[in-house]
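Engineer: Quick one: sequence and predicted model below, then my questions.
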Amino acid sequence: MTAGNGRRDGSPYAPHTDADEAAMLDAVGVESAESLFDIPEDVRFDGEFDIDATDERDLRESIANLFARNEELTEFLGRGHHAHYVPALVDDLSRRSEFLTSYTQYQPEIAQGFLQALFEYQSMLVELTGLPVANCSMYDAATALAEAALLADRLRRGASGHRVLVPEHLQEGRLGVLENYLDGADMEIGDYPMDDGAVDLDALSDLVGDETVMVYAESPTVRGVIEENLSEIGDLAHENDALFCLGSDVVALALLEEPASVGADVVVGEADALGLGTSYGMGLGIFATREKFLRQVPGRLVGASEDAEDMRAFTLTLQTREQHIRKERATSNICTNQAWVALRTAMHIAWLGPDRLVDLATRAVTDARDLAARLDDISGLRAPVYDRHHFREFVVHTDQPAPAIANDLAGRGFAVHTLDDHHLQVCITDVNADAADRLVAAFEEVA
Amino acid sequence: MTAGNGRRDGSPYAPHTDADEAAMLDAVGVESAESLFDIPEDVRFDGEFDIDATDERDLRESIANLFARNEELTEFLGRGHHAHYVPALVDDLSRRSEFLTSYTQYQPEIAQGFLQALFEYQSMLVELTGLPVANCSMYDAATALAEAALLADRLRRGASGHRVLVPEHLQEGRLGVLENYLDGADMEIGDYPMDDGAVDLDALSDLVGDETVMVYAESPTVRGVIEENLSEIGDLAHENDALFCLGSDVVALALLEEPASVGADVVVGEADALGLGTSYGMGLGIFATREKFLRQVPGRLVGASEDAEDMRAFTLTLQTREQHIRKERATSNICTNQAWVALRTAMHIAWLGPDRLVDLATRAVTDARDLAARLDDISGLRAPVYDRHHFREFVVHTDQPAPAIANDLAGRGFAVHTLDDHHLQVCITDVNADAADRLVAAFEEVA
Amino acid sequence: HYEPLLSEKDSTTVEVDADGVLPDDLTRDELTLPGLSEPQLARHYTRLSQMNYSVELGPYPLGSCTMKYNPSFTEDVAADPNAAVHPDRSDRTIQGTLGLLHGLQEQLAEIGGMDAVTLQPPAGAAGEFTGILIAKAYHEARGDDRSEIIIPASAHGTNFASAALAGYDVVELPSDEDGRVDIEALDAAISEETAALMLTNPNTLGLFERDILEISEMVHDAGGLLYYDGANFNALLGRARPGDMGFDIMHYNVHKTFATPHGGGGPGAGPVGVVDELADYLPSPMVRETAAGYELFEPESSIGKVHGFGGNWLVLVKAYAYIARLGDSGLSDASAKAVLNANYLASQLDLEVPYGPFHHEFAATSGDRDAADVAKRMLDYGVHPPTTKWPELVSQAMLTEPTEVEDKASLDDLAHAFNAAYADSDEALETAPTKTSARRIDQVSAARNPRLSWQALGDDE
Amino acid sequence: HYEPLLSEKDSTTVEVDADGVLPDDLTRDELTLPGLSEPQLARHYTRLSQMNYSVELGPYPLGSCTMKYNPSFTEDVAADPNAAVHPDRSDRTIQGTLGLLHGLQEQLAEIGGMDAVTLQPPAGAAGEFTGILIAKAYHEARGDDRSEIIIPASAHGTNFASAALAGYDVVELPSDEDGRVDIEALDAAISEETAALMLTNPNTLGLFERDILEISEMVHDAGGLLYYDGANFNALLGRARPGDMGFDIMHYNVHKTFATPHGGGGPGAGPVGVVDELADYLPSPMVRETAAGYELFEPESSIGKVHGFGGNWLVLVKAYAYIARLGDSGLSDASAKAVLNANYLASQLDLEVPYGPFHHEFAATSGDRDAADVAKRMLDYGVHPPTTKWPELVSQAMLTEPTEVEDKASLDDLAHAFNAAYADSDEALETAPTKTSARRIDQVSAARNPRLSWQALGDDE
């Protein structure tokens, strides 16, 4: 019997030949690997997991058969998880094992490739946000928002309270994560009302106060509305010594007002809209902020430095903020992050270049407007519900019960969001735009 | 407008910015690239190809839609194009751009990786054939056979004729290619009869003579029969000063008699049965031979050498045989070959290792035997038609018209070969074995 | 080996003119980014990749990081277009996705000896945080307000940070002279304020906590819960299960134990398993199987969300595939070989290993040589060095975990690198590395004068 | 940078024991091959790959080789599992496959100005051979037995070998002083024995054969056919078509002109186009479109087979995808940029370029420096050198084809490498390369003492 692939049992990824194993045991001075386990008898496991080993071919077939049970629906879905076409180049290059199978860059001298790619990612986010500091990834938009709130609270120790204000329209996952992260810091969440889908400035003005450590607003909102009063929101926050945190995404940032220019102190949101594609909600959280908050930033930062020959080189930096050094006083507990997704996002941004990126963002406005208008023409539908500019997605009012319509649409091959009894939400991007005609036709049948 | 991906028209793979293009034109001293074309007006093309540029996403979708028009049949097909499961590792590693996008190794100092991989491929073929020289690829089994015949003829200038003897059961493509390659050398092809699917030794003995430059036999044959008299065939050839050329494939060679031990002077056949998978007949031709014919070998050879620091290094060698140096006196016109497929085949062989490779080959005998027996049990079928040992495939006699049965099987999701009015051929390997039960059931319904 | 920044290759400014699309005041004025073509990008990233070490190039023996080979086929499995679905799809239209998630929940529960598993935490630290939130919810539901989490000094930094994030005070526990939990100190630390004890087992010296049942009893008797940090679980597969040792909550680092790629720092995934009593507190949603198929549901007393959606889906798929590929025998063999490899490697080192018997990793000491310098010198021998100067219990620690995927020749090379670097001159160590494309990088100036973007680089760069 | 052979990592001998499966005398006794595990193989081939230059690492300006960027997406297209069908499938069950092949036949015919195209030849040389077989069949069908093929001295070596393989005598044609076909010499060479003239246009000096219509008339008047070698077709896309120049037969190197990867030497594909009059001689099968769908058919007077099945399918798919991606405007732009790049690069060289005006490639001369040595020295500057010492018309030729995918910066780097190497000392040239992982390799000893397998290496290796 030979080793490795030829083994009849055992791990196919353990390369030991019988001869090598014997030599190694001999060197260690034991009879068997088994005898190296220093586990008391009373906690020894002598059962089975009942998981059968499967060979590679059969396993691929069985998982493919499992996935084939997913119905092939054309998705018009968004709400925080957006799909744009990911070029083949991104898959090809990001799958290179030097990227995919490397670890965090603790030895920068042999990790310059990934470090530079992450430095470039940070730089792209700096350009898109106008803020000078961007970390090289959070898990997703929800955890980035939560970390922003914690950062705000650390900066505002003197505040009379620990309150974060968020829009009433907030994606459920973001709200849920925020609640969990804020609980340990004894912080509280207040939500401010929306007016026709955008921030109700008067109401917000009434709510914000000295106990407010952060005001969070989104553009586009979870319902696709482009916020028109970002500067005013920022002013309200700043007048109360609160931080202004803006949520957006990497495509919208290419077109909409630059966060820095509307006073944003922190930008969070999703960057996975480029580079990742639809992946059941897997994400990449943006985190960008002002220079003065640098030492409070959560997560990894890559910086430029020089090597012993004075050549430019990159390295993880400001690690004293992090858990492996600062432990319970760290700025965050984050360790493993989303570096590989950040690499992919940077590749995708670079592949688009500035003009195609702006085009993509512009199309998100026009395509949504056009689709809404076409749905609005259908008897029994009203769209967009909010008289606002939209980005990618919008809410549709249905005279018939919305869940039934969504169900009928699924029967015709389309997935849309159901918000409540009479509201659906529809999201259009470059990956489903060519199915818009068919969606409209389906809506005509079922509305 | 920016360059490259951002271009509105032109090649997406030409990186020129407008500024660079202007500077380059200036350096050349012309107004436009157009003016560099020195093409007389009377042959200028000013029409259109009527091929619309398509963006990457839409094009992928349209080609995927086109391929989706292929019916999903489980193939029990062989006859010179065999599928075995290709591990993911082969795809992953062979797609690395350093391999995939490199050229022939004219500068070996920066091509050691590919050269070593091809050297290893050659070595594996040497082991499998027992012959000391294997080139690093021919297009396919058919062209390898044709090149073997030409080599035989070059070596036997003194023969009274230029005749190659081949079995009456020969895959149509191999025969057709052989005819075309031999035509220019004024060689002729004779076919010898088969006895119950294997070489009729007596008949062959009568046919072989001084005008015979090569006797070709296969094991397994195109009908899956394992030849039992290879040594005798070799002896018949050698007694008449003819070369004995054996056709086989890279899996069968792991199990069946070693070609060198039965007197084979040249081994040809398909190596793509490992590493490539079903690919509409795309191939990888084996070419292995004796040391004394080395300088007559067609195709590329990689050899070991040393570099200026006496380190082992690899290089293309014996290039004076080749067309780019010897022109019309070259041993072959081959230039571009199948190097990348050879790389994949070597990877696949290495992934299997010797024991799993022998297992795979052994299964080709037992699975075929078992499937034939099960079909033989079905009323209206007789299998295998030949009372021989088989490798992967066998002929089935059908009482009902074979084309109708094949058609009915297709309706049930299976593809088999139709040989003639009452014979089908069925091939089983590791990729369709788990569908054997369903195939048998389908045969029961239609036989 | 030097590759210009993308911005140094091209910098293109596009005026954002959204006339007729949006009012001017809702759009930015311009956008400046590199505008390059695909061939240029292909070369850029291919060159960058070649400036990076990876586990497909050589050993990566970072202690507690479990850098094992990541099987290629799992990438193909995860790339299946049928699996690319949105998390807001209705359950009945994504039975394949839910089926895989359910399968992984079951696999992990069985392997860890747990009763229920959530897949939502997107990393190990997120798993710790999730687990501590569950403990907190459990205590609160019982009207039992507890304020402390006990953590051994040798634990991973994330343990401390995660406990703090959940609002707990951390009680740090010293090790005993054998390198394990000091039972007396534990006894002193445990109180009515003890919400949980977080343990890594084997611990970060590779030592099994032999008194685990006693520890479990002590914690449980005081009303606390026992949390298992799964970072070192690769040492125990098929031989001991946290659930059987008395742990109530555990997280799995699937990017360690179950071979999903680290991707230069992530994504990973940190599923959390709990015993029955805690299952109602798990994050929402979970997947269950019913007669009608798989469905999502919210556990009765769920803590809610720890990720915006369902966590790192692609990573979970790869973990599922790895576990199904190996099965019982493969998983058990992986641990055996991981432990053998660590012990064999240690046997070949000239460096002392103060604590044992260890399992899949060990903390060697470079004695009077600076461990970080020895590590830098190891780079010159073509390998990745181990984790250095941690855990602090061992002075000049070199925490080494070769994993099961190294063969004897590779371990011998690694031992040679250790021994040669350890024996090299002070000067060699201080100037190392010299054979890498980048020489030793100045960390101090990077932190003192942070330049975190190409915008921050001067024109002289 | 040194990687042991697989056989040096492991050599395992398996006894072949086919008891109960086959009689002993039908099986081999044993099989010896490396027996390695997947992690070991992954590292082996990853390391080997890093010891190889490629067009995704830098410029590859080999003249007449057209090393352009190979778009990633074409690999994904070719990997579609729905396209993995066996060639013996019935036509109606593989309409997708046949549809793509038909589409490519049409694309190529249009681009080359030809009437019908076969996709079967698996390489350029196979295409040449196919084309000459067609010419032969054509003449034979007319009872016209001709024995000669005329080929310019500057043509690719395959032209000569392919003509000889088809049984023709080769008449070599000298160039005129401008580097083009010498009309008087051609006139002298043409006779009743002339089966065909094979031409490359632009020729291997990059020069367009301006007298092509006159040449065509001369050949046709003598009853011969005109064959177009498509190796340099990247120079003309959208600006001139072989069919319009009087060529009767042509082959397309899709791995050059249409960007399919060279794969370290292959596979390529060499489709052959012909004018209507020759369409009946094309290899079998061809694809045609009927009311009932696509179907295979055998042309009436088909020459038969040039490949066991249908040629290099995967390559054909990628070529189709490339052409469809670029369309008219992209293809035309590719040629324009290829010609601009060659002319710009030449303008930056200190080396003389004796012939012009050239298009996509040019033959510079290194004068009194050995071109092969200059090329080796260029390796030290990090680029791949051009084709050297060919065509022979230019002494110490450096035949250079940058293709359209290089940007100005890359061309400037390339020019620097040329100029610096050209200006280096004799010693620098003779000892080059010194900065590559392998130093200059001894070709003579490799040929004198061929060691073509690991079995042939002594134990001292």
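Structural biologist: Looks like it came in fine.

Engineer: got the residues of chain C near chain D?
Structural biologist: C:9, C:37-40, C:42-43, C:46-47, C:50, C:54, C:56-58, C:69, C:71-72, C:405, C:407, C:409 (CB under 8 Å from any CB of the partner chain). No exception for glycine: its C-beta is placed from N, CA and C like everyone else's.

Engineer: Residue A:109 contacts residue C:433, correct?
Structural biologist: Yes. Counting by CB atoms under 8 Å, residue C:433 is a contact partner of residue A:109 at 5.3 Å.

Engineer: Please enumerate the shared neighbours of the two.
Structural biologist: C:376, C:379, C:439, C:440 (CB atoms under 8 Å, 6 or more residues apart in numbering or on different chains).

Engineer: Now, those residues that are in strands?
Structural biologist: Using DSSP state E, no member of the shared contacts of residue A:109 and residue C:433 falls in strands.

Engineer: Closest to chain A out of the residues you listed?
Structural biologist: Closest approach to chain A among these (CB to the nearest CB): residue C:439, at 3.8 Å.

Engineer: Find me the pLDDT at the closest one, would you?
Structural biologist: The per-residue pLDDT reported for residue C:439 equals 97.

Engineer: Around it, how many other residues sit close by?
Structural biologist: Using other CB atoms under 10 Å in any protein chain shown, the number of residues around residue C:439 comes to 20.

Engineer: hang on, it packs against residue A:307?
Structural biologist: Yes. In this structure residue C:439 lies within contact range of residue A:307 using CB under 8 Å: 4.1 Å.

Engineer: between the two, what contacts are shared?
Structural biologist: Common neighbours of residue C:439 and residue A:307 (CB under 8 Å, 6+ apart) are residue A:109.

Engineer: Please identify which helix or strand holds residue A:287.
Structural biologist: Assigned by DSSP states H and E, residue A:287 belongs to strand A:285-289.

Engineer: what's the average pLDDT for that strand?
Structural biologist: 98.

Engineer: Using PDB, write down the CA coordinates of stretch A:353-366.
Structural biologist: What follows is stretch A:353-366, C-alpha atoms only, in PDB (Å, rounded to 0.1, in the frame of the first residue of the first chain):
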ATOM      1  CA  GLY A 353     -11.900  51.300 -14.000                       C
ATOM      2  CA  PRO A 354     -13.400  54.600 -13.000                       C
ATOM      3  CA  ASP A 355     -15.600  55.100 -16.100                       C
ATOM      4  CA  ARG A 356     -17.200  51.800 -16.200                       C
ATOM      5  CA  LEU A 357     -17.700  51.900 -12.500                       C
ATOM      6  CA  VAL A 358     -19.500  55.200 -12.800                       C
ATOM      7  CA  ASP A 359     -21.500  53.800 -15.700                       C
ATOM      8  CA  LEU A 360     -22.500  50.800 -13.600                       C
ATOM      9  CA  ALA A 361     -23.600  53.100 -10.800                       C
ATOM     10  CA  THR A 362     -25.500  55.400 -13.200                       C
ATOM     11  CA  ARG A 363     -27.300  52.400 -14.700                       C
ATOM     12  CA  ALA A 364     -28.400  51.400 -11.200                       C
ATOM     13  CA  VAL A 365     -30.400  54.700 -11.100                       C
ATOM     14  CA  THR A 366     -31.800  54.600 -14.600                       C
END
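
Engineer: so who does the closest residue to chain B within the stretch 201-350 of chain C touch?
Structural biologist: Nearest residue of the stretch 201-350 of chain C to chain B, counting by CB to the nearest CB: residue C:321, 10.4 Å away. Taking CB under 8 Å, 6+ apart, we find residue C:321 in contact with A:59, A:63, C:71, C:73, C:74, C:77, C:78.

Engineer: And stretch C:290-309, end to end?
Structural biologist: 22 Å (CA to CA, to the nearest Å).

Engineer: where's it relative to the chain centroid, distance-wise?
Structural biologist: On the basis of CA atoms, centre = their mean, to the nearest Å, stretch C:290-309 sits 25 Å off its chain's mean C-alpha point.

Engineer: For the stretch 101-250 of chain C, which segments are assigned as strands?
Structural biologist: Using DSSP state E, counting those that start in this stretch, the strands assigned to the stretch 101-250 of chain C run over residues C:116-118, C:148-152, C:169-173, C:194-200, C:225-230, C:249-252.

Engineer: Show me what the first one is packed against.
Structural biologist: Meaning strand C:116-118. helix C:95-112, strand C:272-274 (3 or more CB pairs under 8 Å, 6 or more residues apart in numbering or on different chains; DSSP states H and E).

Engineer: most neighbours per residue, which of those?
Structural biologist: strand C:272-274 (a mean of 31; mean count of other CB atoms under 10 Å in any protein chain shown).

Engineer: Give me the neighbour count for residue 192.
Structural biologist: No chain was given, so I picked chain A. Residue A:192 has 24 nearby residues by other CB under 10 Å.

Engineer: That was the other one, I meant chain C.
Structural biologist: The burial count for residue C:192: 12, using other CB under 10 Å.

Engineer: got a list of what it touches?
Structural biologist: C:146, C:222, C:223.

Engineer: tell me the pLDDT at it?
Structural biologist: Per the predicted model, pLDDT is 97 at residue C:192.

Engineer: Residue C:303 in helix, strand or coil?
Structural biologist: Of the three states, residue C:303 takes coil under DSSP: H, G, I helix; E, B strand; the rest coil.

Engineer: need the strands of the stretch 101-250 of chain C in a markdown table with mean neighbour count, can you?
Structural biologist: Shown next, in a markdown table, are the strands of the stretch 101-250 of chain C (neighbours: other CB atoms under 10 Å in any protein chain shown):
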| stretch | mean neighbour count |
| --- | --- |
| strand C:116-118 | 27 |
| strand C:148-152 | 26 |
| strand C:169-173 | 18 |
| strand C:194-200 | 26 |
| strand C:225-230 | 28 |
| strand C:249-252 | 30 |
